[in-house]
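Colleague: Return atomic coordinates for the entry below.
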Amino acid sequence: MTDSAVEKKVRRSAKPKIERAALKLFVHDGFDAATTREIASEAGVSEGALYRHYKGKDELAVSLFMTIHNRLGEMLREALASEGTIEQRINRAVEAYCKLADEDWLLFSFHLVSLNRYLPNDTKRDDDPVSILERIVAAMMASGDVPKGDPAVIVSMCLGVVMQTGLSKIYNRIDGPMSDRVDVLSNAVLAVLMQK
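Modeller: Coordinates of the predicted model:
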């Protein structure tokens, strides 16, 4: 390998380390408390290596947040747009949410604890998770699958069921994987959707 090929390989291998170190510090110490120097130290790389990938911790944090935020939107759209009863569709959506949480709990935790910081900048996109859910719930209401109501309020209530459970897990009030709770969460979301 040439020197430039070795350098590129080292830079590529540094990025995941930087991201994992940042997530750990952001979740455990808080975004404001974490510094680029601490992130680099936790990752075992130079601070310059961090700046080769990101302009700073703000860009790094937004990138991490949007990665999971956009993925969540895609997963929910797929789960709810598939054929099946309302119960099956809700179960698939909750299962997808829990599976994503269990797959990378640190990234998922960062997403949950950072919603208030980054979500105000990402509202009302056609493809953000909340807008996707509002459109799907509005379609369910229009087709008579669920009682009519305000889709924004109903979606907020449904999200509260799963998100508050995730926050309780972050704060060590609940143990075990989120996937262990798919049935109870699905039933609670369904109860919200079917209320009159």
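Colleague: Can you pull the poorly scored residue ranges out of the protein?
Modeller: Low-confidence segments of the chain (pLDDT under 70): 1-12, 120-124.
Colleague: Helices of the chain, start to end?
Modeller: 3-29, 36-43, 47-53, 57-81, 86-103, 105-118, 129-143, 151-170, 182-194 (DSSP state H).
Colleague: in the fifth one, what's buried?
Modeller: The neighbour-count check on helix 86-103 (16 or more other CB atoms under 10 Å) flags Arg89, Ile90, Asn91, Arg92, Ala93, Val94, Glu95, Ala96, Tyr97, Cys98, Leu100, Ala101 as buried. The C-beta positions use only the backbone N, C-alpha and C, and glycine is treated the same way.
Colleague: Between the residues you listed, which sits nearest Ser179?
Modeller: The closest of these to Ser179 turns out to be Cys98 (CB to CB; 4.5 Å).
Colleague: For Leu107, see how far away the closest one is.
Modeller: Per CB to CB, to the nearest Å, Cys98 is found 14 Å from Leu107.
Colleague: can you count the residues close to the closest residue in space to Ile154 that isn't next to it in sequence?
Modeller: Distances taken as CB to CB, 6 or more residues apart in numbering put Val137 closest to Ile154, at 5.5 Å, once the chain neighbours are dropped. Burial measure for Val137: 22 neighbouring residues, criterion other CB atoms under 10 Å.
Colleague: Now do the same contact list for Val137.
Modeller: Going by CB atoms under 8 Å, 6 or more residues apart in numbering, Val137 touches Val146, Pro151, Ile154, Val155, Cys158, Leu193.
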